[in-house]
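Participant: I would like the atomic coordinates for the input below:
(one chain, ligands or ions: 2)
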Amino acid sequence: MTRKIIIDTDPGQDDAVAILLALASPEEIEVLGITAVAGNVPLPLTSKNARIVCELAGKTGTRVFEGCDRPMARDLVTAEYVHGKTGLDGIVLPDPKMQVQDAHAVDFIIETLRAEPAGSVTLCPLGPLTNIGTAFQKAPDIKEKVQEIVLMGGAYFEVGNVTPAAEFNIYVDPEAADIVMKSGAKITIMPLDVSHKALTTRPRIEAFRALGHVGEVVASWTDFFERFDMEKYGSEGGPLHDPTVIAYLLKPDLFTGRHINVEIELQSDLTRGMTVADWWRVTDRAPNATFMGDIDAEGFFALLTERLARL
Ligand code: RIB
Ligand code: CA
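Facilitator: Residues are numbered from 1 along each chain as shown. Ligands and ions are numbered 1, 2, ... in the order given. Sure, this is the predicted structure:
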């Protein structure tokens, strides 16, 4: 059964690999559209990078929409220090010929969820949740139409990567994340607790590089992207955060987690954007998300390499 998805994204090298994984898996995944959001880099670049990736995959029929260029209630925070000035530093690829769709991403999300049968569309946010939170605020009726939200964001044991308390996607737009967490939709979260176990290594990157042009590009992205985390954490490689979302759709058994309560810190400047995950169920707050805690990293990279080889 093909799963219909909308990828909401702020490419970013790891977003780009996630998009490639989805586009390489048409038997299981139908990408209804890609909605760009401001995050790792400003919106014009995330939109451009999303189209670059679609052209790299040879999927120029993919519809790409531009969404929100800043968080719902905060100033934009970007991450060029991780992803480079272009947001897609690595092998330089040609500017895209694909055009952006006319509709705003938020309207595309609303109209798609209203048009498709209820419970048949999965949202896959890979960046700040601004587009999703804005859509839910503008059209509350669509919340119950979502099949599932599978998002990359947050942390429990890994706590934070942009502050001592918060992960980047949630930190950038905590108000949007709060709307999503309280939406009542079925939510599955891929936090840093998972992505920090999905680390690149030399053999894994060389396996990408051996695949041909697409693999060489992916290897150049990971070569660039991993250096920040390696220097910061002293780790062997960098975490491939966003592809875990798509891998979950393809092989959910690669992941384990718990159905728990997750709420977002909005009040404190010190802990803004913290995902307060009740992992040990010490409160009576109702569970609202499946919060993943572990990944079969070998299986994840085997899946990723096998699928990238198809492009
Ligand atoms: O914290 C990691 C997340 O923030 C990833 O989605 C990365 O692409 C950035 O958006
Ligand atoms: Ca991202």
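Participant: which helices and strands sit right next to the host helix or strand of residue 50?
Facilitator: Element membership for residue 50 (DSSP states H and E) is helix 43-56. With contacts defined as 3 or more CB pairs under 8 Å, 6 or more residues apart in numbering; DSSP states H and E, helix 43-56 has these neighbours: helix 13-23, strand 29-36, strand 64-66. In short, each C-beta sits where N, CA and C put it, glycine included.
Participant: For ligand 2, which of the ones you listed is the nearest?
Facilitator: helix 13-23 (4.2 Å; CB to the ion).
Participant: The closest one near ligand 1 anywhere?
Facilitator: Yes - residues of helix 13-23 contacting ligand 1 under CB under 6 Å from any ligand atom: 14-15.
Participant: What residues does the spatially closest residue to residue 185 that is not a sequence neighbour make contact with?
Facilitator: Of all residues not flanking residue 185 in the chain, residue 146 sits nearest, at 4.5 Å (CB to CB, 6 or more residues apart in numbering). With contact taken as CB atoms under 8 Å, 6 or more residues apart in numbering, residue 146 is in contact with 113, 119, 121-123, 183, 185-186.
Participant: Drop anything exposed from these.
Facilitator: Neighbour-count burial within those applies to 113, 121-123, 183, 185; the criterion is 16 or more other CB atoms under 10 Å.
Participant: For the residue of the stretch 151-300 of the chain found nearest ligand 2, give its distance to residue 282.
Facilitator: For the stretch 151-300 of the chain and ligand 2, the shortest gap (CB to the ion) falls at residue 242, measuring 4.9 Å. Taking CB to CB, to the nearest Å as the measure, residue 242 falls 30 Å from residue 282.
Participant: higher neighbour count, the two?
Facilitator: residue 242 (32 against 8; other CB atoms under 10 Å).
Participant: what about the helices in the protein?
Facilitator: Ranges of helices in the chain, per DSSP state H, are 13-23, 43-56, 80-83, 105-115, 130-138, 168-172, 174-181, 192-195, 202-209, 213-233, 243-250, 297-308.
Participant: Dump those helices to CSV, plus mean pLDDT.
Facilitator: Listed next are the helices of the chain as CSV, based on pLDDT from 0 to 100:
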stretch, mean pLDDT
helix 13-23, 98
helix 43-56, 98
helix 80-83, 94
helix 105-115, 99
helix 130-138, 99
helix 168-172, 98
helix 174-181, 98
helix 192-195, 98
helix 202-209, 96
helix 213-233, 93
helix 243-250, 98
helix 297-308, 98
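Participant: wait, which of these is closest to residue 94?
Facilitator: helix 43-56 (7.6 Å; CB to CB).
Participant: what residues does the closest one touch?
Facilitator: So helix 43-56 is contacted by 9-12, 15-16, 19-20, 23, 34, 36-41, 60, 62, 64, 66-69, 86-88, 93-98, 100, 127, 214, 217, 311 (CB under 8 Å, 6+ apart).
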